[in-house]
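> Build me a structure from this.
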Amino acid sequence: MIGFKRLIKQKKSLLAKILTAISLFILLNLILYLVPSKSINYYYNNLLKNSVDQEQIMADNFLKYPENIINILVREKSLPEYKGKNSKLKEEIISLFESIIISDSRISNIYYVSNSSDFVAYKNKKEVGAEIIQTSWFQNAVKEGTQTIWVSHKSEFTGEDVLSCLQLVLDKSGSAKGVVGLDIVGYKLNGLVNNVKFGENGCLIILDGNKILVQPDSNYIGEVFDDRIAKEYKYKSLDYNKFNWKIVALVPVYEVNKKIRAPLLWGNVFYLVSFIAIVAIYIKIKSIEIRELNQTLEKKVLERTDEVNKLYRELIVVNEDINIKNQELMDANEKLKEHAEIVEELAMSKERNRLARDVHDTIGHTLTLLITLLQVSILSLSKDDKQETKDTLETAIKAAREGLNEVRRSISGFKPGKLDENNLFLELERLADNFKSAGISVELSVSKLVETLNKDYSETVFRICQEAITNSLRHGKATEVTIIVKFRDGYINLFIIDNGIGCKTTNHKVGFGLEGMKQRVKKLNGSIEFGSNDEGGFNIHAELPIVS
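Predicted coordinates for the structure are as follows:
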């Protein structure tokens, strides 16, 4: 007992030493990370700032020459005198433009546009109309007057993405005569950043808004400088005040992290050695605990063995009884399974019939009504009756929505939500109004019922009326339908008569719709008859016994 307590005390002391060693190791790694990290980040921040400052000076020098050229050109006397038909003067101006472009390869085009839309350009690969004086760059140059401006845009003369230096041209009297400009093609601006390098992989780029305009290797030119690119670099940006440019100095994040991680190398080696030592100590402690537990378990196993043997013998007897009962249950289960399969097959057949009947009632009725309403709409259009066309189309849309809702309910296994004892009559009136818009007159006569009517009766009466009117319109070509509903002596009597073409023989073929009527009536223990008289038309008579 005393040895056991001493062992526990030793374990606690060892655990305290391990925790202390781990804490010192974590503290050492934090120091090895934070100190170099702060120093290296400070170094790169200064490097990036100095680079963008230097680049601004280079950009000013790069653009100073084109600005001097523009200042010389606006003083050229021949420009204000130029008109489109003066070919001699045009040749002199183009010669002047050519001499300037040859002396500086960065300049890709020089042009002059007068207020009257006459223009002369060193390069002109496309037709330029009078609307050129309505462009934003022309208007901005006029607005700024004698101030030199820079604009980034797509050239109307060459179709290239260019940077244009622009200034207003004045005549002797000081009146504005036009705008002179020179273009620098975007890729020629790479001279601004190609010679600037810092760190191992640092570089400079120039943004026009958030679009990459200049970049040393041209891989990202034209792309948007967004979070996807920015998160890969440590960068510093500077707004360039001449136009909507940003000068951005950037260095890959992995390069900065590489320098920060270097001091952690020996720390990681120390961590590995420490980890191995801790694991070895932990394994030794666990081996002692396991040995002690094994000794305790051996004693308990011996004590429990006799009990288990006794229980085992009892289980053998119980197991034999269970096997007998299990066989009986298996036989009974097999019979139940056979009965369940028969019941399931009958239920599926019943549900298929119900779904087919409901979908036929809703889709057939809705499509017939929609086709007729659309035909009425076409006739209204031919009469140029917009209001009638609009009313008919609105009725068609309403009918389509109601039909869709009914189909959804049928597929979900629900009965129509609107058909109950309180609004059967309202729904029959609504049905009559819908077909009235389709050009068929429905006369409805219903004797009011005092007692409550079961929902199954309401649905059966409504579906028979719905299918009858649909058949009268689709097959019978009827224009008038009469519906009579009478409640008398515990029966519902339903009479439906139309003035359609009827059936030529009494042995007419019973289609899916009429068969659906018969099934609904049979389900309620009623009867139904169909027929036509000699004068045409089609008659339906259904009788349903009312059961409380």
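> Look up how far R463 lies from F435.
Using Cβ to Cβ, to the nearest Å, we find F435 at a distance of 15 Å from R463. Heads up, the C-betas are built off the backbone N, CA and C, glycines and all.
> One more: E131?
Counting by Cβ to Cβ - E131 and R463 are separated by 68 Å.
> same question, A400
From A400 to R463 the distance is 19 Å (Cβ to Cβ).
> what about these two, which has more around it?
Taking neighbours as other Cβ atoms under 10 Å, A400 and R463 compare with R463 leading, 22 against 15.
> Assumed the more buried one was part of a helix.
Yes: applying DSSP: H, G, I helix; E, B strand; the rest coil, one finds R463 inside a helix.
> Just the pLDDT for it.
At R463, the pLDDT value in this model is 89.
> Is it in contact with R520, as I believe?
Yes: taking contacts as Cβ atoms under 8 Å, R463 lies within contact range of R520: 6.2 Å.
> What segments of this structure are helices?
Per DSSP state H, the chain carries helices over the ranges 2-73, 78-81, 87-103, 136-144, 227-230, 253-261, 264-359, 365-382, 386-412, 424-437, 455-474, 512-523.
> What number of residues are in the vicinity of A542?
25.
> Just to check, it is in contact with I464?
Yes: using Cβ under 8 Å, A542 is in contact with I464, at 5.9 Å.
> May I have stretch 426-436 exported as PDB, CA atoms only?
The C-alpha trace of stretch 426-436 is given here as PDB (Å, rounded to 0.1, in the frame of the first residue of the first chain):
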ATOM      1  CA  LEU A 426     -69.900  28.100 -54.900                       C
ATOM      2  CA  GLU A 427     -67.400  25.900 -56.600                       C
ATOM      3  CA  LEU A 428     -70.000  24.800 -59.200                       C
ATOM      4  CA  GLU A 429     -70.800  28.400 -59.900                       C
ATOM      5  CA  ARG A 430     -67.100  29.100 -60.300                       C
ATOM      6  CA  LEU A 431     -66.800  26.200 -62.700                       C
ATOM      7  CA  ALA A 432     -69.700  27.600 -64.700                       C
ATOM      8  CA  ASP A 433     -68.100  31.000 -64.800                       C
ATOM      9  CA  ASN A 434     -64.800  29.600 -66.000                       C
ATOM     10  CA  PHE A 435     -66.500  27.800 -69.000                       C
ATOM     11  CA  LYS A 436     -68.500  30.900 -69.700                       C
END
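> What are the buried residues along that stretch?
E427, L428, L431, A432, N434, F435 (16 or more other Cβ atoms under 10 Å).
> again, but for stretch 167-178
Buried, per 16+ other Cβ under 10 Å, within stretch 167-178: Q167, L168, V169, L170, A176, K177, G178.
> Could you do stretch 521-529 as well?
Buried, per 16+ other Cβ under 10 Å, within stretch 521-529: V521, L524, G526, I528.
> Wait, the first one touches R463, no?
By that I understand V521. No: at 10.2 Å, V521 does not count as touching R463 under the criterion of Cβ under 8 Å.
> ok so, going back, and among the helices of the chain, the most buried is which?
Most buried of these, by mean neighbour count (mean count of other Cβ atoms under 10 Å): helix 455-474, with a mean of 22.
> what about that one, distance to the chain center?
Taking Cα atoms, centre = their mean, to the nearest Å, the mean C-alpha location of helix 455-474 is offset from the chain mean by 43 Å.
> mind saving the C-alpha coords of it as CSV?
C-alpha atoms of helix 455-474 as CSV (Å, rounded to 0.1, in the frame of the first residue of the first chain):
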residue,chain,number,x,y,z
LYS,A,455,-66.9,15.7,-48.5
ASP,A,456,-66.8,12.5,-50.6
TYR,A,457,-70.3,13.4,-52.1
SER,A,458,-69.2,17.0,-52.7
GLU,A,459,-66.1,15.8,-54.6
THR,A,460,-68.0,13.2,-56.6
VAL,A,461,-70.8,15.7,-57.7
PHE,A,462,-68.1,18.3,-58.6
ARG,A,463,-65.9,15.9,-60.6
ILE,A,464,-68.9,14.5,-62.6
CYS,A,465,-70.0,18.1,-63.5
GLN,A,466,-66.4,19.1,-64.3
GLU,A,467,-65.8,16.0,-66.6
ALA,A,468,-69.2,16.4,-68.2
ILE,A,469,-68.7,20.1,-69.2
THR,A,470,-65.2,19.3,-70.4
ASN,A,471,-66.5,16.4,-72.6
SER,A,472,-69.3,18.6,-73.9
LEU,A,473,-66.8,21.3,-75.0
ARG,A,474,-64.1,18.9,-76.3
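> Could you tell me the end-to-end distance of stretch 466-486?
Start to finish, the residues bounding stretch 466-486 are 17 Å apart (Cα to Cα, to the nearest Å).
> Please list the outside residues in contact with that stretch.
Residues outside stretch 466-486 that contact it (Cβ atoms under 8 Å, 6 or more residues apart in numbering) are 361, 364-365, 368-369, 372, 428, 431-432, 435, 438-447, 461, 465, 492-502, 513-514, 516-517, 537-538, 540.
> Tell me, please, where in the stretch 1-150 of the chain the pLDDT is lower than the cut-off.
1-15, 17, 21, 25, 28-30, 32-37, 44, 54-56, 126 (pLDDT under 70).
> Repeat the analysis, applying 80 as the threshold.
Along the stretch 1-150 of the chain, the model assigns pLDDT under 80 to residues 1-63, 84-85, 104-105, 125-130.
> Out of the helices of the chain, the one nearest K125 is which?
The minimum distance between K125 and the helices of the chain falls on helix 87-103, with 14.9 Å, by Cβ to Cβ.
> Alright, that wraps it up for me.
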